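Q: Whatever this is, show me its structure:
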Amino acid sequence: MKTGFIGIGNMGGAILAGYAAASASDGVELMAFDKNETVCSQTKQRINRLTICESGRALCSEADILLLGVKPQIIETVLEEIAPVYKISKLVISMAAGVKIALLEKYLGDDAHIVRIMPNLPAKVGAGMISVSRNSNVSDEEFEMAMDIFGSVGRAEEVDESLIDCVIGVSGSSPAYTYMYIEALVQAAVDNGMDAQKARVFAAQSVLGAAKLVLESSESLEQLRINVCSPNGTTIEAVNKLFENGFMDKVKEGFQAAVDRSIEMGREKE
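A: Numbering: from 1, shown residues only. Down below sits the predicted model:
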């Protein structure tokens with residue numbers, strides 16, 4: 001099985017690195033192409049068994065699974081390049097935001113086997129959340145192969161493509177909101193006398209632990225919050241102040257702004 005990556009920048013490179021580590025003993029051949037020769041060279045140094053191809057078309061000719069890690073602005077150029085050598089025996093996976101499966105079918109054919117994903121940045125540390133959608137041509141066996149790739153860099157869940165815009169709001173973009181929350185905690189801790197690096201660790205570990213508890217507990221989010229709040233204690237004071245200032249409403253507004261922009265980007269590509 002030959003798996004190829006066109007575009008190995010931040011996200012494509014993170015998925016490639018995670019899959020390379022997970023498939024080290026599986027006999028998977030890894031291939032890549034990126035216009036940035038420095039990125040190719042550095043990636044090759046880290047992943048010795050990686051074959052760097054001379055072009056996207058050359059890679060598509062050889063690969064059985066093709067992952068497109070390019071930006072939405074150039075994906076049509078890439079599709080035009082690979083279309084002449086694409087065969088329906090090849091599974092194509094796209095992570096371009098706002099680019100629907102229908103657009104890939106336009107270039108590769110209605111019978112093309114296509115998966116669309118929406119990953120997020122924590123994939124760089126093996127803790128990503130990846131939504132995975134497929135067209136009707138993708139077999140269960142092919143889909144499982146795709147899920148194996150993404151399971152190597154975090155957690156992957158199948159969703160209908162119609163929910164991709166929502167996925168962007170809830171997981172694709174949400175690490176940025178979370179970093180803002182951590183940054184605010186760090187700044188407040190520093191204002192109260194704590195060393196910045198120490199504050200960073202305290203804040204980040206607390207977010208990590210809280211998220212882990214959400215995934216492992218059967219209690220509702222509301223109940224988990226209540227569990228931390230002792231009557232007349234410190235936490236309830238903080239929570240009341242956040243409610244008073246519209247904290248949850250502001251988060252929802254940010255979420256919706258990301259969703260609305262994703263919908264807008266999709267319309268721009270139609």
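Q: Nearest spatial neighbour of the most centrally placed residue in the chain, chain-adjacent residues omitted?
A: The geometric centre of the chain, computed from its C-alpha atoms, lies nearest to residue 119 (Cα atoms, centre = their mean), at 1.3 Å. Distances taken as Cβ to Cβ, 6 or more residues apart in numbering put residue 130 closest to residue 119, at 4.5 Å, once the chain neighbours are dropped. To be clear about C-beta, it is placed using only N, CA and C from the backbone, and glycine gets the same treatment.
Q: what's the neighbour count on that neighbour?
A: Neighbourhood size, residue 130 [other Cβ atoms under 10 Å]: 24.
Q: Three-state assignment for it, please.
A: strand (DSSP: H, G, I helix; E, B strand; the rest coil).
Q: Residue 18 contacts residue 152, correct?
A: Yes: the criterion here is Cβ atoms under 8 Å, and residue 18 meets it with residue 152 at 4.4 Å.
Q: Name the residues contacting each of these two.
A: residue 126 (Cβ atoms under 8 Å, 6 or more residues apart in numbering).
Q: if we can go back for a sec, let me see the contact set for the residue nearest to residue 119.
A: With Cβ under 8 Å, 6+ apart, residue 130 has these contacts: 117-120, 123, 150, 153-157.
Q: What ranges does the protein have for its strands?
A: 2-6, 29-33, 51-52, 65-68, 91-94, 113-118, 128-134, 154-158 (DSSP state E).
Q: With distance to residue 214 and mean pLDDT added, can I get those in TSV?
A: Below are these laid out as TSV (distance: least, Cβ to Cβ, whole Å; pLDDT from 0 to 100):
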stretch	distance to residue 214	mean pLDDT
strand 2-6	32	96
strand 29-33	34	96
strand 51-52	41	96
strand 65-68	30	96
strand 91-94	28	97
strand 113-118	20	97
strand 128-134	13	96
strand 154-158	13	96
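Q: As a markdown table, the ones you listed with distance to residue 246 would be great.
A: A markdown table is the format used below for those (distance: least, Cβ to Cβ, whole Å):
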| stretch | distance to residue 246 |
| --- | --- |
| strand 2-6 | 42 |
| strand 29-33 | 46 |
| strand 51-52 | 51 |
| strand 65-68 | 40 |
| strand 91-94 | 37 |
| strand 113-118 | 28 |
| strand 128-134 | 26 |
| strand 154-158 | 30 |
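Q: These: which one's closest to residue 188?
A: Set against residue 188 and scored by Cβ to Cβ, these come closest in strand 128-134, at 27.3 Å.
Q: can you give me how far that closest one is from the chain middle?
A: 7 Å (Cα atoms, centre = their mean, to the nearest Å).
Q: so that strand versus strand 113-118, what angle?
A: 150 degrees (axes from the mean of the first three to the mean of the last three Cα atoms, to 10 degrees).
Q: What strands line up against strand 128-134, and which way round?
A: strand 113-118 (antiparallel), strand 154-158 (parallel) (DSSP bridges).
Q: What residues of that strand count as buried?
A: 128-134 (16 or more other Cβ atoms under 10 Å).
Q: what's the answer for stretch 19-31, then?
A: For stretch 19-31, the neighbour count (16+ other Cβ under 10 Å) marks 19-20, 22-23, 28, 30-31 as buried.
Q: Pick the one among these closest to residue 211.
A: residue 22 (22.3 Å).
Q: give the contact list for that closest one.
A: Contacts of residue 22 by Cβ under 8 Å, 6+ apart are 148, 151-152.
Q: Filter those residues down to just the buried residues.
A: Of the contacts of residue 22, these count as buried by 16+ other Cβ under 10 Å: 151-152.
Q: Would you mind saying which of the strands of the chain lies nearest residue 170?
A: When the strands of the chain are compared by Cβ to Cβ, strand 128-134 sits nearest residue 170, at 8.7 Å.
Q: Great, nothing more from me.
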